[in-house]
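> structure here, sequence nowhere to be found:
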Ligand SMILES: NC(=O)C1=CN([C@@H]2O[C@H](COP(=O)(O)OP(=O)(O)OC[C@H]3O[C@@H](n4cnc5c(N)ncnc54)[C@H](O)[C@@H]3O)[C@@H](O)[C@H]2O)C=CC1
Ligand SMILES: O=C(O)[C@H]1O[C@H](OP(=O)(O)OP(=O)(O)OC[C@H]2O[C@@H](n3ccc(=O)[nH]c3=O)[C@H](O)[C@@H]2O)[C@H](O)[C@@H](O)[C@@H]1O
(Lines give C-alpha, C1' and ligand atoms only; values in the text may rest on other atoms or scores of the structure.)
(Ligands and ions follow the chains in the order given, each with its own letter.)
Protein backbone atom coordinates (compact mmCIF):
# COMPACT_ATOMS: atom_id res chain seq x y z
CA UNK A 1 0.00 0.00 0.00
CA UNK A 2 1.06 3.61 -0.50
CA UNK A 3 1.28 5.31 2.87
CA UNK A 4 2.15 8.93 3.67
CA UNK A 5 3.08 9.92 7.22
CA UNK A 6 2.98 13.50 8.51
CA UNK A 7 5.52 13.99 11.30
CA UNK A 8 8.76 12.05 11.65
CA UNK A 9 9.15 12.18 15.42
CA UNK A 10 9.39 9.11 17.66
CA UNK A 11 5.98 7.86 16.56
CA UNK A 12 5.90 8.84 12.86
CA UNK A 13 9.38 7.56 12.14
CA UNK A 14 9.03 4.30 14.07
CA UNK A 15 5.70 3.65 12.36
CA UNK A 16 7.22 4.52 8.99
CA UNK A 17 10.16 2.13 9.20
CA UNK A 18 7.97 -0.69 10.53
CA UNK A 19 5.31 -0.28 7.83
CA UNK A 20 7.95 -0.28 5.10
CA UNK A 21 9.61 -3.29 6.75
CA UNK A 22 6.35 -5.23 6.27
CA UNK A 23 6.24 -4.27 2.61
CA UNK A 24 4.39 -0.96 2.30
CA UNK A 25 5.70 2.00 0.34
CA UNK A 26 6.08 4.86 2.80
CA UNK A 27 6.71 8.56 2.26
CA UNK A 28 7.49 10.52 5.44
CA UNK A 29 6.74 14.22 5.42
CA UNK A 30 8.12 16.67 7.97
CA UNK A 31 8.44 20.47 8.14
CA UNK A 32 11.91 20.19 9.63
CA UNK A 33 14.39 20.37 6.74
CA UNK A 34 17.36 19.21 8.78
CA UNK A 35 15.49 16.09 9.91
CA UNK A 36 14.48 15.27 6.34
CA UNK A 37 18.04 15.82 5.07
CA UNK A 38 19.41 13.44 7.68
CA UNK A 39 16.70 10.86 7.08
CA UNK A 40 17.25 10.93 3.32
CA UNK A 41 20.86 9.94 4.02
CA UNK A 42 19.74 7.13 6.34
CA UNK A 43 20.66 9.00 9.52
CA UNK A 44 18.12 8.87 12.34
CA UNK A 45 17.57 12.22 14.09
CA UNK A 46 16.60 10.38 17.30
CA UNK A 47 18.31 7.70 19.36
CA UNK A 48 16.08 4.64 19.19
CA UNK A 49 17.55 1.10 19.24
CA UNK A 50 17.21 -0.73 15.91
CA UNK A 51 15.59 2.18 14.11
CA UNK A 52 18.52 3.30 11.98
CA UNK A 53 19.21 -0.24 10.68
CA UNK A 54 15.62 -0.59 9.46
CA UNK A 55 15.75 2.93 8.04
CA UNK A 56 18.80 2.20 5.90
CA UNK A 57 17.48 -1.21 4.85
CA UNK A 58 14.15 0.13 3.66
CA UNK A 59 15.57 3.18 1.90
CA UNK A 60 17.87 0.82 -0.01
CA UNK A 61 14.92 -1.43 -0.80
CA UNK A 62 13.19 1.61 -2.34
CA UNK A 63 10.27 1.47 0.11
CA UNK A 64 11.01 4.66 2.08
CA UNK A 65 11.29 8.27 1.01
CA UNK A 66 11.42 11.59 2.84
CA UNK A 67 10.26 15.03 1.86
CA UNK A 68 9.36 18.45 3.26
CA UNK A 69 6.79 18.89 0.49
CA UNK A 70 3.24 17.92 1.40
CA UNK A 71 2.30 18.15 -2.27
CA UNK A 72 4.92 15.55 -3.30
CA UNK A 73 4.48 13.36 -0.24
CA UNK A 74 0.69 13.07 -0.50
CA UNK A 75 0.70 12.23 -4.21
CA UNK A 76 -0.83 8.78 -4.70
CA UNK A 77 -1.19 8.05 -0.97
CA UNK A 78 -4.07 5.68 -0.13
CA UNK A 79 -3.47 6.02 3.61
CA UNK A 80 -2.30 9.19 5.36
CA UNK A 81 -1.08 8.82 8.93
CA UNK A 82 -0.90 11.92 11.11
CA UNK A 83 1.75 11.66 13.85
CA UNK A 84 2.46 15.28 14.75
CA UNK A 85 2.94 16.44 18.34
CA UNK A 86 0.03 17.29 20.65
CA UNK A 87 1.86 18.96 23.53
CA UNK A 88 0.36 20.41 26.67
CA UNK A 89 -1.13 23.89 26.93
CA UNK A 90 -0.82 25.93 30.14
CA UNK A 91 -4.28 24.86 31.33
CA UNK A 92 -3.43 21.16 30.86
CA UNK A 93 -5.46 20.77 27.65
CA UNK A 94 -3.87 19.22 24.56
CA UNK A 95 -2.51 21.79 22.12
CA UNK A 96 -3.98 20.85 18.73
CA UNK A 97 -2.28 23.58 16.69
CA UNK A 98 0.23 21.23 14.97
CA UNK A 99 -2.62 18.87 14.18
CA UNK A 100 -4.73 21.67 12.74
CA UNK A 101 -1.79 22.74 10.57
CA UNK A 102 -1.29 19.14 9.39
CA UNK A 103 -4.98 18.89 8.48
CA UNK A 104 -4.73 22.20 6.65
CA UNK A 105 -1.71 20.85 4.72
CA UNK A 106 -3.66 17.75 3.73
CA UNK A 107 -6.72 19.70 2.66
CA UNK A 108 -4.63 21.99 0.44
CA UNK A 109 -2.52 19.32 -1.25
CA UNK A 110 -4.54 16.10 -1.35
CA UNK A 111 -5.98 15.46 -4.78
CA UNK A 112 -7.27 11.89 -4.44
CA UNK A 113 -9.54 10.02 -2.02
CA UNK A 114 -7.74 8.60 1.01
CA UNK A 115 -8.09 7.29 4.53
CA UNK A 116 -6.70 9.67 7.15
CA UNK A 117 -5.40 7.81 10.20
CA UNK A 118 -4.96 9.89 13.32
CA UNK A 119 -2.14 8.41 15.41
CA UNK A 120 -1.34 11.47 17.52
CA UNK A 121 -2.82 11.33 21.03
CA UNK A 122 -5.94 13.52 20.92
CA UNK A 123 -8.89 14.27 23.22
CA UNK A 124 -12.20 12.55 22.63
CA UNK A 125 -14.05 14.23 19.78
CA UNK A 126 -10.94 15.38 17.91
CA UNK A 127 -11.24 12.81 15.10
CA UNK A 128 -14.77 14.02 14.37
CA UNK A 129 -13.58 17.63 14.40
CA UNK A 130 -10.74 16.78 11.97
CA UNK A 131 -13.12 14.88 9.68
CA UNK A 132 -15.45 17.87 9.50
CA UNK A 133 -12.58 20.18 8.51
CA UNK A 134 -11.37 17.75 5.85
CA UNK A 135 -14.88 17.25 4.45
CA UNK A 136 -15.33 20.98 4.19
CA UNK A 137 -11.94 21.92 2.77
CA UNK A 138 -10.68 19.03 0.64
CA UNK A 139 -11.24 19.17 -3.10
CA UNK A 140 -14.54 17.70 -4.26
CA UNK A 141 -12.89 14.66 -5.92
CA UNK A 142 -11.15 13.66 -2.65
CA UNK A 143 -13.45 11.61 -0.40
CA UNK A 144 -11.96 11.24 3.06
CA UNK A 145 -12.55 8.56 5.67
CA UNK A 146 -11.06 8.90 9.13
CA UNK A 147 -9.62 6.26 11.47
CA UNK A 148 -8.52 6.76 15.06
CA UNK A 149 -5.43 4.65 15.61
CA UNK A 150 -3.69 5.69 18.84
CA UNK A 151 -0.12 4.60 19.41
CA UNK A 152 1.19 2.67 22.44
CA UNK A 153 4.92 2.33 21.71
CA UNK A 154 7.47 3.20 24.38
CA UNK A 155 10.57 5.20 23.63
CA UNK A 156 13.66 3.05 23.83
CA UNK A 157 11.79 -0.01 22.55
CA UNK A 158 9.70 1.64 19.84
CA UNK A 159 10.54 -0.82 17.06
CA UNK A 160 9.89 -3.92 19.15
CA UNK A 161 6.70 -2.39 20.55
CA UNK A 162 5.44 -1.72 17.00
CA UNK A 163 6.44 -5.04 15.48
CA UNK A 164 5.15 -7.03 18.48
CA UNK A 165 2.42 -4.73 19.76
CA UNK A 166 0.17 -5.98 22.58
CA UNK A 167 -2.72 -4.62 20.54
CA UNK A 168 -3.61 -2.25 17.75
CA UNK A 169 -6.73 -0.14 18.20
CA UNK A 170 -8.74 0.84 15.14
CA UNK A 171 -11.52 3.30 15.89
CA UNK A 172 -13.78 3.62 12.89
CA UNK A 173 -16.97 5.00 11.49
CA UNK A 174 -17.02 3.24 8.10
CA UNK A 175 -16.23 -0.49 8.16
CA UNK A 176 -14.68 -0.35 4.69
CA UNK A 177 -12.03 2.08 5.90
CA UNK A 178 -11.36 -0.08 8.97
CA UNK A 179 -10.91 -3.12 6.71
CA UNK A 180 -8.24 -1.32 4.72
CA UNK A 181 -6.31 -0.44 7.90
CA UNK A 182 -6.71 -4.03 9.12
CA UNK A 183 -5.13 -5.12 5.87
CA UNK A 184 -2.26 -2.64 6.30
CA UNK A 185 -1.41 -4.05 9.73
CA UNK A 186 -2.21 -7.72 9.00
CA UNK A 187 1.45 -8.75 8.31
CA UNK A 188 2.33 -7.79 11.89
CA UNK A 189 0.10 -10.60 13.12
CA UNK A 190 -0.76 -8.91 16.43
CA UNK A 191 -4.14 -8.57 18.20
CA UNK A 192 -6.34 -5.89 16.65
CA UNK A 193 -9.38 -4.39 18.34
CA UNK A 194 -12.08 -2.55 16.40
CA UNK A 195 -13.87 0.14 18.40
CA UNK A 196 -15.83 3.33 17.94
CA UNK A 197 -13.73 6.42 17.27
CA UNK A 198 -14.51 7.96 20.66
CA UNK A 199 -13.61 4.76 22.51
CA UNK A 200 -10.29 4.57 20.64
CA UNK A 201 -9.44 8.11 21.69
CA UNK A 202 -10.35 7.31 25.29
CA UNK A 203 -8.39 4.02 25.34
CA UNK A 204 -5.18 5.93 24.77
CA UNK A 205 -5.63 8.44 27.61
CA UNK A 206 -7.07 5.84 29.98
CA UNK A 207 -4.12 3.49 29.34
CA UNK A 208 -1.45 6.14 29.95
CA UNK A 209 -3.26 7.52 32.98
CA UNK A 210 -3.68 4.04 34.45
CA UNK A 211 0.03 3.27 34.03
CA UNK A 212 1.01 6.64 35.52
CA UNK A 213 -1.33 5.99 38.46
CA UNK A 214 0.21 2.54 38.95
CA UNK A 215 3.64 4.21 39.21
CA UNK A 216 2.42 6.84 41.67
CA UNK A 217 0.77 4.10 43.70
CA UNK A 218 3.92 2.01 43.96
CA UNK A 219 5.98 5.11 44.76
CA UNK A 220 3.70 5.89 47.70
CA UNK A 221 3.89 2.29 48.87
CA UNK A 222 7.69 2.58 48.64
CA UNK A 223 7.63 5.72 50.77
CA UNK A 224 5.49 3.91 53.30
CA UNK A 225 7.86 0.92 53.24
CA UNK A 226 10.69 3.26 54.25
CA UNK A 227 8.59 4.62 57.09
CA UNK A 228 7.57 1.23 58.48
CA UNK A 229 10.69 -0.81 57.73
CA UNK A 230 9.34 -2.98 54.89
CA UNK A 231 11.19 -3.58 51.61
CA UNK A 232 9.47 -2.45 48.40
CA UNK A 233 11.40 -5.01 46.35
CA UNK A 234 9.76 -7.83 48.28
CA UNK A 235 6.43 -6.04 48.46
CA UNK A 236 6.26 -5.37 44.68
CA UNK A 237 7.33 -8.95 43.93
CA UNK A 238 4.62 -10.26 46.23
CA UNK A 239 1.97 -7.99 44.74
CA UNK A 240 3.01 -8.63 41.15
CA UNK A 241 2.55 -12.38 41.42
CA UNK A 242 -1.19 -11.71 41.55
CA UNK A 243 -2.15 -11.84 37.86
CA UNK A 244 -4.81 -9.21 38.44
CA UNK A 245 -2.09 -6.78 39.50
CA UNK A 246 0.70 -7.92 37.19
CA UNK A 247 4.47 -7.58 37.61
CA UNK A 248 5.12 -4.65 35.30
CA UNK A 249 5.07 -0.97 36.16
CA UNK A 250 5.68 -1.67 39.82
CA UNK A 251 9.19 -0.23 39.84
CA UNK A 252 9.43 2.60 42.36
CA UNK A 253 11.72 5.49 41.55
CA UNK A 254 11.95 9.23 41.16
CA UNK A 255 8.60 9.62 39.43
CA UNK A 256 7.52 9.22 35.86
CA UNK A 257 8.67 11.61 33.14
CA UNK A 258 8.71 11.72 29.36
CA UNK A 259 6.74 13.38 26.65
CA UNK A 260 3.47 11.57 27.34
CA UNK A 261 2.55 10.44 30.88
CA UNK A 262 2.77 13.94 32.38
CA UNK A 263 0.83 15.62 29.56
CA UNK A 264 -1.70 12.84 28.98
CA UNK A 265 -2.72 12.56 32.64
CA UNK A 266 -3.24 16.33 32.71
CA UNK A 267 -5.18 16.26 29.44
CA UNK A 268 -7.53 13.52 30.71
CA UNK A 269 -8.08 15.46 33.91
CA UNK A 270 -8.86 18.52 31.82
CA UNK A 271 -11.42 16.54 29.81
CA UNK A 272 -12.99 15.24 33.03
CA UNK A 273 -13.21 18.79 34.43
CA UNK A 274 -14.79 20.04 31.19
CA UNK A 275 -17.49 17.39 31.49
CA UNK A 276 -18.04 17.86 35.22
CA UNK A 277 -16.65 14.41 36.06
CA UNK A 278 -14.90 14.17 39.43
CA UNK A 279 -11.63 12.38 38.62
CA UNK A 280 -9.61 13.49 41.64
CA UNK A 281 -7.58 10.26 41.54
CA UNK A 282 -5.64 11.79 38.65
CA UNK A 283 -4.92 14.92 40.69
CA UNK A 284 -3.27 12.70 43.29
CA UNK A 285 -1.34 10.79 40.63
CA UNK A 286 0.15 14.11 39.50
CA UNK A 287 0.76 15.47 43.03
CA UNK A 288 2.50 12.26 44.15
CA UNK A 289 4.68 12.32 41.06
CA UNK A 290 5.69 15.96 41.62
CA UNK A 291 6.76 15.17 45.19
CA UNK A 292 8.48 11.94 44.22
CA UNK A 293 10.84 13.84 41.91
CA UNK A 294 12.16 15.61 45.03
CA UNK A 295 12.87 12.48 46.99
CA UNK A 296 16.62 12.13 46.33
CA UNK A 297 17.25 15.78 47.12
CA UNK A 298 15.35 15.46 50.40
CA UNK A 299 17.35 12.37 51.33
CA UNK A 300 20.60 14.20 50.55
CA UNK A 301 19.54 17.20 52.64
CA UNK A 302 18.73 14.80 55.51
CA UNK A 303 22.13 13.19 55.17
CA UNK A 304 24.28 16.33 54.80
CA UNK A 305 22.20 18.98 56.54
CA UNK A 306 23.14 21.54 53.91
CA UNK A 307 24.03 21.02 50.25
CA UNK A 308 25.79 24.35 49.77
CA UNK A 309 29.10 23.80 47.98
CA UNK A 310 28.58 20.02 47.81
CA UNK A 311 29.34 18.32 44.51
CA UNK A 312 26.62 15.93 43.39
CA UNK A 313 27.14 13.60 40.44
CA UNK A 314 23.97 12.84 38.47
CA UNK A 315 24.24 9.54 36.64
CA UNK A 316 21.74 9.61 33.79
CA UNK A 317 19.72 12.54 32.49
CA UNK A 318 17.21 11.07 30.00
CA UNK A 319 13.72 10.31 31.37
CA UNK A 320 14.39 6.60 30.87
CA UNK A 321 17.19 4.45 29.42
CA UNK A 322 17.71 3.84 25.69
CA UNK A 323 16.47 7.28 24.67
CA UNK A 324 17.98 10.74 24.27
CA UNK A 325 14.63 12.35 25.12
CA UNK A 326 14.74 14.92 27.91
CA UNK A 327 11.08 15.97 27.78
CA UNK A 328 9.80 16.19 31.39
CA UNK A 329 12.80 14.18 32.61
CA UNK A 330 12.98 14.10 36.44
CA UNK A 331 16.66 15.09 36.09
CA UNK A 332 15.56 18.62 35.16
CA UNK A 333 13.72 19.26 38.42
CA UNK A 334 16.40 17.47 40.44
CA UNK A 335 19.21 19.56 38.88
CA UNK A 336 17.32 22.78 39.53
CA UNK A 337 16.55 21.88 43.14
CA UNK A 338 20.20 21.00 43.74
CA UNK A 339 21.62 24.15 42.17
CA UNK A 340 19.04 26.29 44.03
CA UNK A 341 20.36 24.77 47.25
CA UNK A 342 23.90 25.77 46.26
CA UNK A 343 25.14 22.34 45.18
CA UNK A 344 27.41 21.89 42.15
CA UNK A 345 26.03 19.32 39.73
CA UNK A 346 28.16 17.22 37.37
CA UNK A 347 26.07 15.02 35.10
CA UNK A 348 26.72 12.09 32.82
CA UNK A 349 24.42 10.50 30.27
CA UNK A 350 25.54 8.26 27.39
CA UNK A 351 23.27 9.95 24.82
CA UNK A 352 21.10 12.74 26.26
CA UNK A 353 23.85 15.25 27.06
CA UNK A 354 23.20 17.58 24.12
CA UNK A 355 19.43 17.59 24.61
CA UNK A 356 19.96 18.24 28.33
CA UNK A 357 22.26 21.15 27.57
CA UNK A 358 19.45 22.82 25.58
CA UNK A 359 17.31 22.82 28.76
CA UNK A 360 19.77 23.16 31.63
CA UNK A 361 22.45 25.20 29.83
CA UNK A 362 25.53 25.88 31.93
CA UNK A 363 23.74 25.61 35.30
CA UNK A 364 25.39 22.18 35.57
CA UNK A 365 28.51 20.62 34.04
CA UNK A 366 28.44 17.71 31.62
CA UNK A 367 30.94 14.88 32.00
CA UNK A 368 32.00 12.39 29.40
CA UNK A 369 32.14 9.39 31.74
CA UNK A 370 30.65 8.11 34.98
CA UNK A 371 33.96 8.41 36.78
CA UNK A 372 34.57 11.94 35.55
CA UNK A 373 31.19 13.01 36.96
CA UNK A 374 31.83 11.22 40.24
CA UNK A 375 35.35 12.60 40.71
CA UNK A 376 35.59 14.31 44.15
CA UNK A 377 31.81 14.24 44.53
CA UNK A 378 30.10 14.26 47.90
CA UNK A 379 27.40 11.94 46.59
CA UNK A 380 26.14 10.19 43.48
CA UNK A 381 22.47 10.33 42.44
CA UNK A 382 21.39 7.54 40.10
CA UNK A 383 18.75 9.10 37.86
CA UNK A 384 18.48 6.81 34.82
CA UNK A 385 19.06 3.07 34.86
CA UNK A 386 21.25 2.83 31.75
CA UNK A 387 23.01 -0.56 31.51
CA UNK A 388 26.36 1.15 31.81
CA UNK A 389 25.24 2.80 35.06
CA UNK A 390 23.66 -0.36 36.52
CA UNK A 391 26.84 -2.29 35.82
CA UNK A 392 29.26 0.36 37.03
CA UNK A 393 32.46 -0.91 38.65
CA UNK A 394 31.66 0.00 42.26
CA UNK A 395 35.22 -0.04 43.48
CA UNK A 396 36.38 2.36 40.78
CA UNK A 397 33.40 4.62 41.31
CA UNK A 398 33.79 4.90 45.08
CA UNK A 399 37.54 5.47 45.07
CA UNK A 400 37.04 8.60 42.95
CA UNK A 401 34.46 10.13 45.26
CA UNK A 402 35.06 12.39 48.23
CA UNK A 403 32.39 10.51 50.20
CA UNK A 404 31.21 6.99 49.21
CA UNK A 405 27.53 7.94 49.27
CA UNK A 406 25.03 6.77 46.65
CA UNK A 407 21.35 7.68 46.39
CA UNK A 408 19.87 5.19 43.94
CA UNK A 409 16.71 6.69 42.41
CA UNK A 410 16.06 3.53 40.39
CA UNK A 411 17.04 0.76 42.81
CA UNK A 412 19.21 -0.49 39.98
CA UNK A 413 22.60 -1.23 41.51
CA UNK A 414 23.37 -4.86 42.21
CA UNK A 415 22.82 -5.40 45.93
CA UNK A 416 25.55 -8.04 46.20
CA UNK A 417 28.15 -5.66 44.71
CA UNK A 418 27.02 -2.95 47.13
CA UNK A 419 27.40 -5.34 50.08
CA UNK A 420 30.93 -6.27 48.98
CA UNK A 421 32.15 -2.65 49.30
CA UNK A 422 34.45 -1.89 52.22
CA UNK A 423 32.90 1.50 52.88
CA UNK A 424 29.61 2.69 51.43
CA UNK A 425 26.39 4.47 52.25
CA UNK A 426 23.76 3.24 49.84
CA UNK A 427 20.26 4.73 49.93
CA UNK A 428 17.73 3.06 47.61
CA UNK A 429 14.00 3.93 47.30
CA UNK A 430 11.60 2.13 49.64
CA UNK A 431 14.26 -0.25 50.90
CA UNK A 432 16.57 -0.30 53.89
CA UNK A 433 19.78 1.64 53.41
CA UNK A 434 23.04 -0.33 53.32
CA UNK A 435 25.61 1.33 55.54
CA UNK A 436 29.04 -0.28 55.62
CA UNK A 437 31.93 1.29 57.52
CA UNK A 438 29.97 4.51 58.20
CA UNK A 439 31.45 6.49 61.06
N1 LIG B 1 6.84 9.79 21.92
C2 LIG B 1 6.17 8.69 22.21
O3 LIG B 1 6.72 7.73 22.73
C4 LIG B 1 4.71 8.58 21.89
C5 LIG B 1 3.97 9.65 21.43
N6 LIG B 1 2.63 9.52 21.17
C7 LIG B 1 1.88 10.64 20.60
O8 LIG B 1 2.22 10.75 19.21
C9 LIG B 1 2.27 12.11 18.79
C10 LIG B 1 3.65 12.44 18.24
O11 LIG B 1 4.60 12.31 19.28
P12 LIG B 1 6.19 12.34 18.98
O13 LIG B 1 6.49 11.42 17.86
O14 LIG B 1 6.85 12.15 20.28
O15 LIG B 1 6.34 13.86 18.48
P16 LIG B 1 7.65 14.64 18.02
O17 LIG B 1 7.52 16.00 18.58
O18 LIG B 1 8.86 13.83 18.30
O19 LIG B 1 7.50 14.72 16.43
C20 LIG B 1 6.49 15.43 15.76
C21 LIG B 1 7.01 15.79 14.37
O22 LIG B 1 5.95 16.34 13.60
C23 LIG B 1 6.48 17.35 12.74
N24 LIG B 1 5.40 18.20 12.26
C25 LIG B 1 4.71 19.16 12.94
N26 LIG B 1 3.76 19.71 12.14
C27 LIG B 1 3.84 19.07 10.94
C28 LIG B 1 3.12 19.20 9.70
N29 LIG B 1 2.14 20.08 9.55
N30 LIG B 1 3.49 18.40 8.67
C31 LIG B 1 4.50 17.49 8.82
N32 LIG B 1 5.20 17.35 9.95
C33 LIG B 1 4.88 18.13 11.00
C34 LIG B 1 7.51 18.04 13.62
O35 LIG B 1 8.44 18.77 12.85
C36 LIG B 1 8.12 16.84 14.36
O37 LIG B 1 9.25 16.33 13.67
C38 LIG B 1 1.86 12.91 20.04
O39 LIG B 1 0.48 13.14 19.99
C40 LIG B 1 2.20 12.00 21.20
O41 LIG B 1 1.40 12.26 22.33
C42 LIG B 1 1.98 8.33 21.32
C43 LIG B 1 2.65 7.21 21.77
C44 LIG B 1 4.08 7.24 22.08
O1 LIG C 1 2.07 7.69 25.01
C2 LIG C 1 3.26 7.52 25.09
O3 LIG C 1 4.12 8.34 24.76
C4 LIG C 1 3.82 6.27 25.67
O5 LIG C 1 4.06 6.53 27.09
C6 LIG C 1 4.69 5.46 27.78
O7 LIG C 1 5.94 5.14 27.19
P8 LIG C 1 7.28 5.97 27.53
O9 LIG C 1 6.93 7.28 28.13
O10 LIG C 1 8.09 5.96 26.30
O11 LIG C 1 8.08 5.09 28.60
P12 LIG C 1 7.69 4.16 29.85
O13 LIG C 1 8.55 2.97 29.79
O14 LIG C 1 6.24 3.95 29.96
O15 LIG C 1 8.18 5.05 31.07
C16 LIG C 1 7.58 6.30 31.38
C17 LIG C 1 8.12 6.83 32.68
O18 LIG C 1 7.67 6.02 33.76
C19 LIG C 1 8.79 5.60 34.56
N20 LIG C 1 8.49 4.26 35.12
C21 LIG C 1 8.06 3.25 34.33
C22 LIG C 1 7.76 2.01 34.87
C23 LIG C 1 7.89 1.79 36.25
O24 LIG C 1 7.63 0.70 36.79
N25 LIG C 1 8.32 2.82 37.02
C26 LIG C 1 8.63 4.04 36.50
O27 LIG C 1 9.02 4.97 37.26
C28 LIG C 1 9.97 5.62 33.61
O29 LIG C 1 11.17 5.75 34.33
C30 LIG C 1 9.64 6.83 32.76
O31 LIG C 1 10.07 8.01 33.38
C32 LIG C 1 3.79 4.21 27.66
O33 LIG C 1 4.43 3.10 28.31
C34 LIG C 1 3.52 3.87 26.20
O35 LIG C 1 2.62 2.77 26.11
C36 LIG C 1 2.90 5.09 25.52
O37 LIG C 1 2.69 4.84 24.14
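Thanks, I have the structure now. Since the model is a prediction, treat every value here as computed from it, not as a measurement. Ligands and ions are numbered 1, 2, ... in the order given.

> which ones are touching the residue of the stretch 151-300 of the chain found nearest ligand 1?
Going by Cβ to the nearest ligand atom, ligand 1 is nearest to residue 151 of the stretch 151-300 of the chain, at 3.9 Å. All C-beta spots, glycine's among them, are computed from the backbone N, C-alpha and C. Applying Cβ atoms under 8 Å, 6 or more residues apart in numbering to residue 151 gives the contacts 11, 15, 83, 119, 121, 204.

> try it again at 6 Å.
By Cβ atoms under 6 Å, 6 or more residues apart in numbering, the contact list for residue 151 reads 11, 119.

> repeat that for residue 186.
With contact set as Cβ under 6 Å, 6+ apart, residue 186 has no partners.

> now do the helices in the stretch 1-150 of the chain.
In the stretch 1-150 of the chain, the helices defined using DSSP state H, counting those that start in this stretch lie at 10-21, 33-40, 51-60, 70-74, 97-109, 126-137.

> including distance to ligand 2, could the ones you listed go into TSV?
Shown next, in TSV, are the helices of the stretch 1-150 of the chain (distance: least, Cβ to the nearest ligand atom, whole Å):
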stretch	distance to ligand 2
helix 10-21	8
helix 33-40	19
helix 51-60	14
helix 70-74	24
helix 97-109	15
helix 126-137	15
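
> so which of these is the most packed in?
Per-stretch averages of neighbours, counted by mean count of other Cβ atoms under 10 Å, single out helix 10-21 among the helices of the stretch 1-150 of the chain, with a mean of 26.

> how about residues contacting it?
Under Cβ under 6 Å, 6+ apart, the answer for helix 10-21 is 3, 5, 26, 28, 54-55, 58, 63-64, 83, 151, 153, 155, 158, 162-163.

> wait, which of the residues you listed is closest to residue 198?
Residue 198 has its nearest neighbour among these in residue 151, at 17.3 Å by Cβ to Cβ.

> pretty sure that closest one is in a strand, no?
No. Assessed with DSSP: H, G, I helix; E, B strand; the rest coil, residue 151 is coil; it does not lie in a strand.

> now the phi/psi pair for it, please.
phi -110, psi 140 (degrees, to the nearest 10).

> and it, what's its pLDDT?
Here the pLDDT value assigned to residue 151 is 98.

> farthest-separated two in the contacts of helix 10-21?
Longest span within those, Cβ to Cβ: 63 and 155, 24.0 Å.

> which one's more surrounded, those two?
Per other Cβ atoms under 10 Å, whichever of residue 63 and residue 155 has more neighbours is residue 155, with 24 against 20.

> grab the nearest non-local neighbour of the more buried one.
Leaving aside its sequence neighbours, residue 155 sits nearest to residue 323 (Cβ to Cβ, 6 or more residues apart in numbering; 4.3 Å).

> go on, residue 241?
residue 247 is the one closest to residue 241 (Cβ to Cβ, 6+ apart), at 7.4 Å.

> the one you found: what secondary structure?
Criterion first, three-state DSSP; result for residue 247: coil.

> isn't it right up against residue 240?
Yes. With contact taken as Cβ atoms under 6 Å, residue 247 and residue 240 are classed as touching, separated by 3.5 Å.

> any idea where the strands of the stretch 201-350 of the chain begin and end?
Assigned strands in the stretch 201-350 of the chain, in chain order: 311-315, 344-348 (criterion: DSSP state E, counting those that start in this stretch).

> any idea which of those strands is most buried?
Most buried of the strands of the stretch 201-350 of the chain by mean neighbour count (mean count of other Cβ under 10 Å) is strand 311-315; its value is a mean of 27.

> and it, what does it pack against?
strand 344-348, helix 370-374, strand 379-382 (3 or more Cβ pairs under 6 Å, 6 or more residues apart in numbering; DSSP states H and E).

> which stretch among those comes nearest ligand 2?
Closest among the helices and strands packed on strand 311-315, using Cβ to the nearest ligand atom: strand 379-382, at 11.9 Å.
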